[in-house]
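> Build the 3D model from these lines:
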Amino acid sequence: MNNEQYDYIKIEKKWQNAWFSNSIYEAKKKSEKKLFIHFAYPGVSGYLHVGHMRGFTYCDIIARYYRMHGYDVLFPAGFHASGIPSIGFAKKVERKDETTISILKEYGCSDEQIEKMNDPNEVVNYFSDIYVEDYWKQFGFLIDYTRLMSTISEGYKKFIIWQFHKLKEQNLLIQKPHFAPFCPNCGPVAVDKSETDISSGGGSEINEFTVIKFKMEDGTILPAATLRPETLFGVTNMWINPDVTYTKAKINDETWILSKQSLKKLHFQYDNIIDLNKKISGKDLIGKTCIVPIIDRNIPILSGPFADPNVATGVVMSVPAHAPYDYIALIETGEPIEPITIIDVKDLGENPAKKVCENLNISSQNQTEKLDEATDIVYKKEFHTGILNQKCGKYANIKITDIKDTVKNDLILENKATQLREFSEEVICRCGEHVVIKQIPDQWFIKYSDETLTEKSKKYVSKMNIIPEEYKKQLPSILDWFDDRACIRKGSWLGTEFPFKKEWIVEPISDSTLYPAYYLISHYVNTNQITPEEMTNEFFDFIFLEKGDAKQKIWKKIQDDVKYWYPVDINLGGKEHKTVHFPVFLMNHVAILPEKMYPKGFFVHWWVTKKGKEKISKSKGGAEHVSEAAKKYGIDAMRLYYAHVGSSSVDIEWNAESVLKYKNRIGSIYRVIQQFKDINGEKNKNLDEWLQNQMNLHINNINKLYSSLNLRDAANEIYFEMQKDMQWYKKRGGRNKEITNWYLTEWLKLMTPITPHITEEIWNENKDNFISNQTFPTINIDQLFPKAEVGEYLIKNLIDDINEITKVTKITPKKIYIYVSQKWKKDVFSNAITDSENNSLNIGNIIKELMKDPLLRKQGKEISKYISKLPSEIKRLQDIDKKRYKTEIDEKQYLTTEKNFLEYLFNCTIDIYNADEQEKIDPENKSRFAAPLRPAIYIKQ
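Purely as a prediction, here's the structure:
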């Protein structure tokens, strides 16, 4: 039978249709044990790719596992349609963007549908259907599809308005000026690692430059931007790019010379800026001079081709004693300018930049990697140990760690500097425009800096089940530095209108904090049992806070659902949410709801990446179509790939060859199961007990692994280790139909959470119900046979040792002599392991006890040698091996029972002896090497 005989496309579709037509996914209250699990709902920004399916698949695996354990499982999903992603997409369609239209057609979108998608709401509707039908249902996810919801639905908007009223009541809504990311086309956007509103630059931070005003002879300002204003005292010259055309602008009452790009940025951050439309070549500025503020030093303007017009103002002040780039640039100009050292740093001498450049053998500006390294060394040493010297006037003798903001604030107060905010890397909106930073004078914030809220949230983290453990340790620190978050945006955004300021919309992160609670309402909205108009603030107070009285019967029914299902047990999301979604999710729960409704757990998973660990994204390419991948590899193969290819807390590279291996593994398991269905032979007590024991050990381990959400190791045991059991059983001649059918049945159940399609197909060859609804196996202590497990371990090791001997010696055995260990060795080894576990192992006492036996006293030298090795031997043992050595088993009897198998395997006669038997045949005294569970061997050729 080959892989093609397992028609995965046909079979997967067949069982998906069966599950969904029978609504086995619906959450029902039956057992008093419940699990509420959800994934971070996807932003509606276009087609998803294979990377997105990792977290979704984890969720379904966990949900299926708990469902089979008798839990009432609520696994809902929705669509994060707020913000500008769908608006940006609609604009691209409207202007007939070639790439966007091409992608839509590539995915099979009709011309008629494309025409409709210049409407953002149509974009949301179209992709919401795609996510459900082409992704979630195609992957067999048992999501409760009766609870689907969108963040732009009228009911959800009512839910958000209620939340903001609650925040205001708690004094957690405040107003203050704010500099925020802004797209000239789309308006305000959120810049964070979730990249909800943007197509690139989610890791960018806002750098706050101090723009120091250097006056030229005619009073014109040459504005130099710096992140280290305290180094002003060491400025020796200015750098201007000779190849750049600068421009003049009127800023308040001053005339500035700066790059055109800088002027554009300043327009968004300050009022009273007038472009004078006067161009000035950088070449015309070189050779002139300007004055350093505060110290009134006259300095030259030099040629610096490296001064980037896109960075800050395009004007750079030079501090060659403390900036390696400036030092090397100054050397290359040949100008007779002496660096001015203003910071005393231990171990860096008179000129820190010079010393570090010399240490790293830097002589050219082209050595950028080394210059970056040098800069890092100098800046870190100066920041941690540097002290301003006497050249710094009133700031002398102050540590660098204490001075930075002081100098900046003084310069600004004296009108000798201002500020410019700029991204640390390029940020592109989903519409394709560059994102800038704009001042909003009266922005509303959620006050996440509130000390009481922060401390309460931090304290609760200790009660949560958070995976990985590392993130649980990090989260309190993240909550500590988590600052107030701007919560509204103005512009053509989709979302909820902010209740306290007209024409402003709640931004996407701020409207996705309590959202799982809405899944408990959405079912009733979707089935027309309640309308958005009926969902007043009093309604939400009643169902979530148990305040007031029910004005309708449905209110009480929904409240009962809330009491049963809430809180969330597992909120699962990608690592981009570690510092974005998860902190606000927790803090909003703490701010608004009672503690019994706080989330119980977070599961953070890492990404699927392209080769080279670059994140897969639609904008960057490398995003294999989900539907095409499903056809190529099969859904079960992809589900197994996500579960097994790597730990959930590491990035995994999408690799077609690797996924194909999982496809082959599914085919291999299918063939093994089909082959064992035809088995019908005699019982073998040892072997049958071993198989039962193995299954129960696996069941115990797998339940522990699933319960700890260690899906990778669970998958490894189910799909790789257990197949080895069947192969060994077959190799050993196992033919018991009753035992093999039982093993296969349990194995199928263990596989079902991860690969449900193949297990349903095999299960229903002689059943008429869903394996997905069966009870997950639990350990049966009556089927634990440790002696059988140790016996088969003994045989496997013996076979390996004989094979190794014949391989090395190239002997063809005519007869094999096997010598099992002396009883005293077994007893000593077993007792020594127990003593070691109790930290009471004493070699001297063991030898002393053995020497009381007159027969053993004659072997004193051999015994001492053997026992002296025990501590190191025991140290190397794994826990399972220790259990084996402590299990009492008659090795000779077990091997004698299986002698026919061994003789058949090696095609020769075999004699088995105890090593201390007097009548044994042992021409080369091999028996002296016999050890517990490691018989000595003599091969006669």
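> Can you say which helix or strand has His38 in it?
His38 is part of strand 34-39, with elements assigned from DSSP states H and E.
> Could you list the low-pLDDT ranges of this protein?
Applying pLDDT under 70 to the chain flags residues 1-4, 194-196, 404, 617-623, 855.
> center of it, which residue is that?
Nearest to the geometric centre of the chain sits Trp606, at 2.1 Å (CA atoms, centre = their mean).
> Surely that one is in contact with Ser648?
Yes: taking contacts as CB atoms under 8 Å, Trp606 lies within contact range of Ser648: 6.8 Å. Just so you know, the C-beta spots here come from the backbone N, C-alpha and C atoms, and that holds for glycine as well.
> Need the nearest residue in space to Lys288, chain neighbours excluded.
Spatially, and ignoring its direct neighbours in sequence, Lys288 is nearest to Ile301 (5.0 Å; CB to CB, 6 or more residues apart in numbering).
> if I look at the one you found, how far off is Thr579?
The gap separating Ile301 from Thr579 is 42 Å, by CB to CB, to the nearest Å.
> Lys596 too?
In terms of CB to CB, Lys596 sits 27 Å off from Thr579.
> can you map out the helices along the stretch 351-500 of the chain?
Here the stretch 351-500 of the chain has its helices, by DSSP state H, counting those that start in this stretch, at 352-359, 368-385, 400-413, 451-461, 469-481.
> Touching the longest one from outside, list them.
Okay, so that is helix 368-385. For helix 368-385, contacts defined as CB atoms under 8 Å, 6 or more residues apart in numbering pick out 228, 322-325, 328, 343, 345-348, 352-353, 356-357, 360-362, 365, 400-401.
> TSV please, covering the helices of the stretch 351-500 of the chain and showing mean neighbour count and distance to Lys731.
Below are those laid out as TSV (neighbours: other CB atoms under 10 Å; distance: least, CB to CB, whole Å):
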stretch	mean neighbour count	distance to Lys731
helix 352-359	20	64
helix 368-385	17	57
helix 400-413	16	69
helix 451-461	16	51
helix 469-481	15	40
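> So Ala509 is in contact with Val189, correct?
Wrong residue type there; residue 509 is Ile, not Ala. No: with contact defined as CB under 8 Å, Ile509 does not reach Val189; the gap is 11.4 Å.
> Domain parsing of this structure, as residue ranges.
206-423, 787-940 (automatic domain parsing).
> Walk me through which strands the strand holding His38 pairs with, and which way each runs.
Using DSSP bridges, strand 34-39 pairs in its sheet with strand 72-74 (parallel), strand 570-574 (parallel).
> Show me what secondary structure element comes after that strand.
Next along the chain after strand 34-39, taking DSSP H and E as the criterion, comes helix 53-68.
> For that following helix, which helices and strands make contact with it?
Under the contact definition 3 or more CB pairs under 8 Å, 6 or more residues apart in numbering; DSSP states H and E, helix 53-68 sits against strand 34-39, strand 72-74, strand 570-574, strand 601-605, helix 635-644, helix 711-716.
> so of these, which one's packed in deepest?
helix 635-644 (a mean of 26; mean count of other CB atoms under 10 Å).
> contact partners of that helix?
By CB under 8 Å, 6+ apart, the residues outside helix 635-644 that reach it are 8, 12, 50, 53-54, 57-58, 60-61, 138-140, 608, 629-630, 633, 658-660, 662-663, 665-666, 711-712, 714-716, 719, 754-758.
> which residue ranges form the helices in the stretch 701-850 of the chain?
711-716, 722-731, 737-751, 756-763, 786-809, 823-837, 843-850.
> okay if I get the ones you listed as a markdown table plus distance to Ser21?
Below are those laid out as a markdown table (distance: least, CB to CB, whole Å):
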| stretch | distance to Ser21 |
| --- | --- |
| helix 711-716 | 28 |
| helix 722-731 | 32 |
| helix 737-751 | 22 |
| helix 756-763 | 13 |
| helix 786-809 | 44 |
| helix 823-837 | 56 |
| helix 843-850 | 69 |
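> In terms of packing, which of Ile509 and Val189 has more residues around it?
Val189 (28 against 25; other CB atoms under 10 Å).
> can you pull the contacts of that one?
By CB under 8 Å, 6+ apart, the neighbours of Val189 are 83-84, 181-183, 197-198, 429, 435, 489.
> Near the nearest residue to Ala931 once chain neighbours are set aside, how many other residues are there?
Spatial nearest neighbour of Ala931, excluding adjacent residues (CB to CB, 6+ apart): Ser821 at 5.4 Å. Using other CB under 10 Å, Ser821 is surrounded by 22 other residues.
> quick one on the thing from earlier: for the helices of the stretch 701-850 of the chain, state which one has the densest average packing.
The most buried one of these (mean count of other CB under 10 Å) is helix 756-763, showing a mean of 24.
> how far does that helix sit from the chain's center?
Distance of helix 756-763 from its chain centroid, counting by CA atoms, centre = their mean, to the nearest Å, is 30 Å.
> name the helices or strands packed onto it?
Counting by 3+ CB pairs under 8 Å, 6+ apart, helix 756-763 packs on helix 8-21, helix 635-644, helix 656-677, helix 737-751.
> at 10 Å what do you get?
Judged by 3 or more CB pairs under 10 Å, 6 or more residues apart in numbering; DSSP states H and E, helix 756-763 is in contact with helix 8-21, helix 53-68, helix 635-644, helix 656-677, helix 737-751.
> Please tabulate those in JSON lines and include distance to Ile762 as additional columns.
JSON lines is the format used below for these (distance: least, CB to CB, whole Å):
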{"stretch": "helix 8-21", "distance to Ile762": "10"}
{"stretch": "helix 53-68", "distance to Ile762": "16"}
{"stretch": "helix 635-644", "distance to Ile762": "12"}
{"stretch": "helix 656-677", "distance to Ile762": "6"}
{"stretch": "helix 737-751", "distance to Ile762": "6"}
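> Ok, which of these comes nearest Gln390?
Relative to Gln390, the nearest member of these by CB to CB is helix 53-68, separated by 58.5 Å.
> Output that closest one as CSV - backbone C-alpha positions only.
Written as CSV, here are the backbone C-alpha positions of helix 53-68 (Å, rounded to 0.1, in the frame of the first residue of the first chain):
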residue,chain,number,x,y,z
MET,A,53,-1.8,28.5,10.9
ARG,A,54,0.7,27.5,13.6
GLY,A,55,-1.1,29.2,16.6
PHE,A,56,-4.6,28.4,15.2
THR,A,57,-3.6,24.7,15.0
TYR,A,58,-2.2,24.7,18.6
CYS,A,59,-5.5,26.0,19.8
ASP,A,60,-7.5,23.3,18.1
ILE,A,61,-5.2,20.6,19.3
ILE,A,62,-5.6,21.7,22.9
ALA,A,63,-9.4,22.2,22.5
ARG,A,64,-9.8,18.7,21.1
TYR,A,65,-7.7,17.1,23.8
TYR,A,66,-9.8,18.7,26.6
ARG,A,67,-13.0,17.9,24.8
MET,A,68,-12.0,14.2,24.7
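> Pull the distance from that helix to the chain's centre.
Worked out by CA atoms, centre = their mean, helix 53-68 lies 16 Å from the chain centre.
> Now do it against helix 737-751: the angle between them, please.
Helix 53-68 and helix 737-751 are oriented at 130 degrees to each other (axes from the mean of the first three to the mean of the last three CA atoms, to 10 degrees).
> Helix 53-68 versus helix 756-763: what angle between them?
Going by the same axes, to 10 degrees, helix 53-68 makes 40 degrees with helix 756-763.
> Partner strands of the helix or strand containing Lys213 and their direction?
Lys213 belongs to strand 206-216 when assigned by DSSP H and E. Sheet pairing of strand 206-216 (DSSP bridges) gives strand 221-226 (antiparallel), strand 289-292 (antiparallel), strand 417-423 (antiparallel).
> Of all those strands, which one is nearest Asp569?
Asp569 lies closest to strand 417-423 among those, at 38.0 Å (CB to CB).
> ok, back up a step: and the strand holding Lys213 with helix 400-413, angle?
Using the same axes, to 10 degrees: strand 206-216 against helix 400-413 is 60 degrees.
> Now do strand 206-216: distance to the chain's middle.
39 Å.
> circling back to that earlier point, any chance of the helices and strands packed on helix 53-68 in a markdown table, plus distance to Tyr515?
Shown next, in a markdown table, are the helices and strands packed on helix 53-68 (distance: least, CB to CB, whole Å):
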| stretch | distance to Tyr515 |
| --- | --- |
| strand 34-39 | 9 |
| strand 72-74 | 14 |
| strand 570-574 | 10 |
| strand 601-605 | 15 |
| helix 635-644 | 24 |
| helix 711-716 | 25 |
